[in-house]
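Colleague: need coordinates for the below:
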Amino acid sequence: MNTHSVPPLTLMCLRETVILLFNRKDMKKCLHELGFQDPHGYVDCIAKRAEDLASTLPIPVSVKNELMDVLRSMTTEVFDWYIKQKYLISYDFDVISSFHWRSDGTIDEVKTAQALERRQDADIASSFRIACFYRLTPD
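Modeller: Predicted structure coming up:
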């Protein structure tokens, strides 16, 4: 019996759209500059920036509303991930593009850690801490 359910296609598409928004250069800059002291302010600011971007998309209002719900959820996921990792890595490089997302809209922490550990632009101390924390082994 398979207990892993597959989300509806619409939800998967919305999540993929949010990932594309996160990977835009201006969004990456916004995510990096905001810092992570105030979760509500962080989520609201990202949601506002994405809402401005989403308003340019040629999609119905009802779908835009769903997109914003998914965006807020995934932005909270990004914030939570950063809080968990704040002592492991320096954020002097683009972390967002290394995220590996699951179909349920959560970050796959192990695959993301593997991707971050392999980054050439990450400092060696961050790579070492990530490898130790996640018990990563060489390929």
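Colleague: look up the closest residue to Arg49, ignoring the ones flanking it.
Modeller: The shortest distance from Arg49 to any non-neighbouring residue, by CB to CB, 6 or more residues apart in numbering, is to Cys30 (5.3 Å). C-beta coordinates here come from the backbone N, C-alpha and C atoms, glycine included.
Colleague: wait, what's in contact with Ala47?
Modeller: 68, 71-72, 75 (CB atoms under 8 Å, 6 or more residues apart in numbering).
Colleague: apply 6 Å and report the result again.
Modeller: 71-72 (CB atoms under 6 Å, 6 or more residues apart in numbering).
Colleague: ok, Asp44 next?
Modeller: Contacts of Asp44 (CB under 6 Å, 6+ apart): none.
Colleague: the helix or strand where it lies: what's the following helix or strand?
Modeller: Take DSSP states H and E as the rule and Asp44 turns out to sit in helix 39-54. On the C-terminal side of helix 39-54, the closest following helix or strand by DSSP H and E is helix 61-85.
Colleague: and that following helix, how far out from the chain middle?
Modeller: Chain-centre distance of helix 61-85: 8 Å, with CA atoms, centre = their mean, to the nearest Å.
Colleague: go through it and flag the buried ones.
Modeller: Within helix 61-85, the residues that qualify as buried are 66-68, 70-72, 74-79, 81-82, 85, counting by 16 or more other CB atoms under 10 Å.
Colleague: so which elements touch the host helix or strand of Glu117?
Modeller: Using DSSP H and E, Glu117 sits within helix 109-118. Contact partners of helix 109-118 among helices and strands, from 3 or more CB pairs under 6 Å, 6 or more residues apart in numbering; DSSP states H and E: helix 124-133.
Colleague: just the residues contacting the helix it packs on, thanks.
Modeller: For helix 124-133, the external contacting residues (CB under 6 Å, 6+ apart) are 88-90, 113, 116-117.
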